[in-house]
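Undergrad: Sequence first, predicted coordinates after that:
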Amino acid sequence: MPACPAGVHRLAGVSLAWRCPLFASFSLDSPGVGEVSRRDFVRFCSMAAAAVGLGPLAAEDFVKAAERGAKPSVIWLQFQECTGCTESLLRTSHPGVDELILDLISLDYHETLFAAAGHQAEAALKAAVEKNAGKFVCIVEGAIPTKEDGIYCMIGGRTALEIVNDVAGKAGAVIAIGSCASWGGVPSADPNPTGASPAHAVLKGKTVVNIPGCPANPYNLLGTVLQYATYGTLPELDEENRPKFAYGRTIHEHCPRRAHFDAGRFAEKYGDEGHRLGYCLYKLGCKGPATHANCSVMHFGEVVDAWPIGLGHPCFGCTEQKIGFRMPMHQTVQIFRPTPPDTYPPINANQGTISPVATAVGGAIVGALVGGGYVASKKLSQAPDEPPSSLPKAGV
Amino acid sequence: MNAHVAAAPVGGRLMTPSMRLVVGLFGIGALMIAWRLIAGLGATTAMNDGYPFGLWIAFDVVTGTALACGGYAVAILVYIRNKGQYSPLVRPAILTSALGYTLAGMGVALDVGRWWGLWKVPLFFWRWNFNSALLEIALCIMAYVVVLWIEIAPYLLERFKDGANQTMRSLANTAIPILKKTSIWIVALGMLLPTMHQSSLGTLMLLANWRLHELWRTPLVPLFFLMTCVSMGYAVVVFESAFSALGFKRKPETEMLAGLAGVIVPLQVVVVAMRLVDMGVRGVLGDLLVLDTRALMIILELALLLAPAVMLASPSSRRDIGHLVRSAMVMMFAGALYRFDVFLVAFNPGAHWSYFPSVPEILVTVGLIAAEVIAYVFIVRNFPILSGGRTVAPERQAA
């Protein structure tokens, strides 16, 4: 069991207090007070594996890795950012952040979650980097200012540039979380006064896994970290270094409002009838057709519909380098695939046919009955008391 | 005219020119039936998932059995109200009922998608769904068909009582006394069964609940079905009697039919009044004013129901046999329209569904009616069904 680093004791406040000392809290053999049972631990691992789509076998591998004491050391750096990515991570519950940082990973440095401050915090960072050099996972949250040697973001007397080069240079894997660390995000929006740059632009020659999003979906981070911790590998990445398991398809492909798009039903402005009825938001500038992310199937914090389109707002393309914070909010993206048809088939095709011949035959029969009956009744009237001898010899 | 003249075969040649036409229609219908049995319902009918029943149910079964209620209607008059003077009408009425119900059964059989499995139905009775309204109707109708043929059996067997055929003669002589002895029970069953299933036919559509238009959707539908089937039964007796007179050149039983008409007039007025009150109580009377298709159909129904009552209001008008036939036809149309409306017009399975019978469906129905006419003519020519004044000497060239 790793020793509990100074400063992490009051991690995340009250809810975790009962687990002190934090990083020595679970025993795989004999759970005691403040410890996690093996059963619970296997359950966390299964949930984590399922949540990130790694499959049931991965859960067992997580457990085995943890039993070997191979929890990955994670160092979390924060620069030009809003802490939104951290906040959304704190709100996961399958696994919860406590389970995550206590059982699955060893979170050795995180400014938001630290109780420590000042030199104590700096010392903890130094210790963690040295202890796990070449093995730890460095997570970068926020853009890195580069103008005027990066003086716009300084921590402990060092610029963000220096820190990220130092720490990430010794890391086993570097993950950029959020749109700021991945593409520059809000700080890099025009005119970009601080020269805010993404992590991969600063760490030239190093593989930086981008997990963009504003905030990034914490499950995409968990999946990547757990895979690295368990197998020592990184997930398959696309040409912009995003894990394909999360960013392989556009939101449009699995959008819950896709049926409205296909049927040609669009909200035209906020609050109109179409908007209230949950129609497609494309005409309001939804970037879903051009944005690669899994938001439409993996909502945030396990809350149903907790994602922009689910709440009635167009997707603004935060996971795309060229869209989020670059394209005007309400400008529509060009749709390359699939394009909506020019005309739409009716929702219900008409069922059943009425043959004109059949109506003619039916009408003729009814007419013949009425006419024949009338003529016959006239004949009966004419000879009420005598047999109608004027009739042909025919029977009925 | 003497009401108690014994019934006797009409006699005469079967294949008259008009009978050839009827046989031709039956032939076309038979071909269509063969096509339907081989090619299936989808290929031959206009039925669809929204309207899984069509002309064969709405006309052959629901309207056909109501038109075949002559036996029931006359039985009410003769056996319950003990108006013996109408007994000459019993035999032909029972015959048309037996034929009508038998053909309704055939109509249902044709409507069964996988008809080749039908033989299992009477055998595997423990698999019946006893919660089904349709089962009640099916059992009732099947039982009534049997009852009707038992009722008519003595009249048919009479012919063989003194005949040349040894086997048939001994059968007739054994069976007729037994049938006569049990006839009170058979007649009682013949009263009970139509009361049950004619009202159940209305219950059937109440199961469709909101799919049935509000104007028709009332718990009284079963009662209306029962009341209109009685008036349709009387109308058919008038119609059939008048046309037998015309076809077989017999003296029409005008006096008796005029008496029947007197029974029908109040019944029609009561039905119309009850329907209007029912719509008023349910608060949908105002829907008639929107004058859409369905409201117009209801207004037409009510007008057709009321018309015979107006036409036959004065006793003198009832003495005109032609006038009687015209009002009987209006009455039959009224009852038929009510049934068509409840089963097809008021029934709305959802948007975009439509139904109008296909040509094969119509031709099958025409063919079945033709079969009924052929059977009726054959039986009355050869068996003692019709009674009363015969004015044309029988030619006795029977088939």
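TA: Received it, and whenever you're ready, just let me know what you need. Numbering: from 1, shown residues only, chains lettered A, B, ... in the order given.

Undergrad: tell me which element the closest residue to A:F62 other than its chain neighbours is part of?
TA: Of all residues not flanking A:F62 in the chain, A:C45 sits nearest, at 3.9 Å (C-beta to C-beta, 6 or more residues apart in numbering or on different chains). C-beta coordinates here come from the backbone N, C-alpha and C atoms, glycine included. Assigned by DSSP states H and E, A:C45 falls within helix A:38-51.

Undergrad: For chain A, give me the ranges with low pLDDT.
TA: A:1-36, A:48, A:51-53, A:69-70, A:94-97, A:99-103, A:336-350, A:383-396 (pLDDT under 70).

Undergrad: Closest approach to chain B from it, which residue is it?
TA: At 2.7 Å from chain B, A:S381 is the closest residue in chain A, using C-beta to the nearest C-beta.

Undergrad: by contact count, what packs against the lengthiest helix in chain A?
TA: Ordering each helix of chain A by length in residues (DSSP state H) puts helix A:356-382 first. For helix A:356-382, the packing partners by 3 or more C-beta pairs under 8 Å, 6 or more residues apart in numbering or on different chains; DSSP states H and E come out as helix B:221-247, helix B:321-340, helix B:359-382.

Undergrad: Looking at those, which is nearest to chain A?
TA: Across the helices and strands packed on helix A:356-382, closest to chain A is helix B:321-340 (C-beta to the nearest C-beta), at 2.7 Å.

Undergrad: How about the contacts made by the most centrally placed residue in chain A?
TA: What sits nearest the mean C-alpha location of chain A, by C-alpha atoms, centre = their mean, is A:C295, with 2.5 Å. The neighbourhood of A:C295, defined by C-beta atoms under 8 Å, 6 or more residues apart in numbering or on different chains, consists of A:213, A:217, A:251, A:307-309, A:315.

Undergrad: Let's see that with 10 Å instead.
TA: By C-beta atoms under 10 Å, 6 or more residues apart in numbering or on different chains, the contact set of A:C295 is A:213, A:217, A:246, A:251, A:254-255, A:288, A:306-310, A:315, A:318-319.

Undergrad: go on, A:K269?
TA: Contacts of A:K269 (C-beta under 10 Å, 6+ apart): A:275, A:283-284, A:330.

Undergrad: Tell me how far B:L300 lies from chain A.
TA: Going from B:L300 to chain A by C-beta to the nearest C-beta, to the nearest Å gives 13 Å.

Undergrad: Hmm, that residue is touching B:V330, no?
TA: No - using C-beta atoms under 10 Å, B:L300 is not in contact with B:V330; the gap is 11.4 Å.

Undergrad: Compare the two (neighbour count), which wins?
TA: Ranked by neighbour count (other C-beta atoms under 10 Å in any protein chain shown), B:L300 and B:V330 place B:V330 first, with 24 against 15.

Undergrad: what about A:H260, distance to A:E141?
TA: Computed as C-beta to C-beta, to the nearest Å, the A:H260 to A:E141 distance reads 36 Å.

Undergrad: Looking at these two, which has the bigger crowd around it?
TA: Of the pair A:H260 and A:E141, A:E141 is the one with more neighbours under other C-beta under 10 Å, namely 29 against 19.

Undergrad: Now do the contacts for that one.
TA: A:76-86, A:89, A:110-112, A:175-178, A:180-181, A:199, A:215-216, A:221.

Undergrad: Generate a PyMOL selection restricted to the buried subset of those residues.
TA: Those of these that count as buried under 16 or more other C-beta atoms under 10 Å in any protein chain shown are selected in PyMOL with:
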select buried, chain A and resi 76+77+78+79+80+81+82+83+84+85+86+89+110+111+175+176+177+178+180+181+199+215+216+221
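
Undergrad: How about the residue of chain A closest to chain B, nearest residue that isn't a chain neighbour?
TA: B:G322 (2.7 Å).

Undergrad: shouldn't the one you found be in contact with B:F239?
TA: No - with contact defined as C-beta under 10 Å, B:G322 does not reach B:F239; the gap is 12.0 Å.

Undergrad: So for the two, which residues contact both of them?
TA: With C-beta under 10 Å, 6+ apart as the test, B:G322 and B:F239 both reach A:376-377.

Undergrad: And the residue lying closest to A:T112 once chain neighbours are set aside, its phi and psi?
TA: Leaving out its chain neighbours, the residue that sits closest to A:T112 by C-beta to C-beta, 6+ apart is A:T86, at 5.0 Å. When quoted as degrees, to the nearest 10, the phi and psi of A:T86 stand at phi -60, psi -40.

Undergrad: if I pick A:T86, what's in contact with it?
TA: Contacts of A:T86 (C-beta under 10 Å, 6+ apart): A:76, A:78, A:97, A:110-113, A:139, A:141, A:177-178, A:215, A:218.

Undergrad: Put together TSV for the residues you listed, with secondary structure on each row.
TA: Listed next are the contacts of A:T86 as TSV, based on DSSP: H, G, I helix; E, B strand; the rest coil:
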residue	secondary structure
A:W76	strand
A:Q78	strand
A:V97	helix
A:H110	strand
A:E111	coil
A:T112	coil
A:L113	coil
A:I139	strand
A:E141	strand
A:I177	strand
A:G178	helix
A:P215	coil
A:P218	helix
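
Undergrad: thinking again about what came up before, out of the contacts of A:K269, which is most surrounded?
TA: Using other C-beta under 10 Å as the neighbour criterion, A:L284 leads these with 21 neighbours.

Undergrad: list the contacts for that one?
TA: A:266-270, A:272, A:274-275, A:312-314, A:329-330, A:332.

Undergrad: now it: how far from A:R326?
TA: Using C-beta to C-beta, one gets 18 Å for the distance from A:L284 to A:R326.

Undergrad: Then A:L221?
TA: Distance from A:L221 to A:R326, by C-beta to C-beta: 23 Å.

Undergrad: Then A:L161?
TA: Using C-beta to C-beta, A:L161 is found at 23 Å from A:R326.

Undergrad: With neighbour numbers in mind, choose between the two.
TA: A:L161 (19 against 14).

Undergrad: Does chain A have contacts with the helix or strand bottoming out on mean pLDDT in chain B?
TA: Scoring the helices and strands of chain B by mean pLDDT, DSSP states H and E places helix B:315-318 at the bottom, with a mean of 80. No - no part of helix B:315-318 sits close enough to chain A to count as contact by C-beta under 10 Å from any C-beta of the partner chain; the gap is at least 10.8 Å.

Undergrad: Pull the CA coordinates from that helix and hand them back as CSV.
TA: Output of helix B:315-318 as CSV, limited to C-alpha atoms (Å, rounded to 0.1, in the frame of the first residue of the first chain):
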residue,chain,number,x,y,z
PRO,B,315,-103.7,1.2,-42.0
SER,B,316,-104.8,1.7,-45.6
SER,B,317,-101.2,2.1,-46.7
ARG,B,318,-100.4,-1.3,-45.1
